[in-house]
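Chemist: This is a predicted model, with the sequence first.
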Amino acid sequence: MRFEHYQTGVFFDEMFEAGCEPRAAARALVQLIEAMTDGELLRRQQSAERVLLHMGITFSVYGDVAGTERIFPFDLVPRIVAAAEWNWIEQGLKQRIRALNLFIDDIYHAQKIVKDGVIPAEIIRTAGRLGGSFRRRARSPSKPRTRCNAPSTTAAGSVNASPRFAALISR
């Protein structure tokens, strides 16, 4: 497969700079793809799709009259993320996971977010599974386990959280 006539257009292209120059992080991948014979990438994609179907990695679309199992859509060509970009993404993910953990801890314990009027108490009481779980836990002396565990560079002492939760986010 050759990229010599590929046009990046006006959109951002993860693999190529303007003028069809491979980005530094994608050069090895571009070389690997260009070394493949005609049709090889397509054959590999089809082979991978057959394996996924055979392994049962599928889903059904409810209400679809065909009722067929479909494999999860995927691209055999990986998305290249340079290390510097990944570091930025990773920092954002850690921050959001930490925020979600703090939110969950607050909802199940101190409820400052409710007391401050940010979230009405009625929403928590009627939140389906959360509401039922919340009501059971409110009567139970045990604390819930956090669902996510993200490392944090913030000192545990600067977080207003339970000691167990503070230990989790300080790892």
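Modeler: That came through fine.

Chemist: Residues touching the helix or strand hosting residue 28, excluding its own?
Modeler: Take DSSP states H and E as the rule and residue 28 turns out to sit in helix 27-34. Identification of contacts with helix 27-34 by C-beta atoms under 8 Å, 6 or more residues apart in numbering yields 1, 2, 3, 15, 16, 22, 41, 77, 78, 80. Bear in mind the C-beta positions are built from the backbone N, C-alpha and C, glycine included.

Chemist: let's see 6 Å
Modeler: 1, 2, 22 (C-beta atoms under 6 Å, 6 or more residues apart in numbering).

Chemist: Name the spans of this protein whose pLDDT lies under the cut-off.
Modeler: 129-171 (pLDDT under 70).

Chemist: mind running it again at 80?
Modeler: In the prediction, the chain carries residues with pLDDT under 80 at positions 1, 63-68, 128-171.

Chemist: Show me the strands in it, by range?
Modeler: Taking DSSP state E to define them, one finds strands in the chain at 58-59, 70-71.

Chemist: Now the helix holding residue 28: buried residues?
Modeler: For helix 27-34, burial by neighbour count (16 or more other C-beta atoms under 10 Å) applies to 30, 33.

Chemist: Over to stretch 41-49?
Modeler: In stretch 41-49, counting by 16+ other C-beta under 10 Å, buried: residue 49.

Chemist: cool, stretch 16-28 as well?
Modeler: So stretch 16-28, judged by 16+ other C-beta under 10 Å, has buried residues 16, 22, 25, 26.

Chemist: And the longest helix anywhere in the chain, how far out from the chain middle?
Modeler: What stands out as the longest helix in the chain, according to DSSP state H, is helix 83-108. How far helix 83-108 lies from its chain's middle: 11 Å, per C-alpha atoms, centre = their mean, to the nearest Å.

Chemist: Give the buried residues for that helix.
Modeler: 94, 97, 98, 101, 102, 104, 105, 106, 107, 108.

Chemist: Show me the two of the buried residues of stretch 16-28 that sit farthest apart.
Modeler: Of all pairs drawn from these, the one with the longest distance (C-beta to C-beta) is 16 and 25, at 11.3 Å.

Chemist: Starting from residue 35, give me the distance back to the nearest residue to residue 78 once chain neighbours are set aside.
Modeler: Distances taken as C-beta to C-beta, 6 or more residues apart in numbering place residue 29 nearest to residue 78, at 7.1 Å, with adjacent residues excluded. Counting by C-beta to C-beta, to the nearest Å, the gap from residue 29 to residue 35 is 11 Å.
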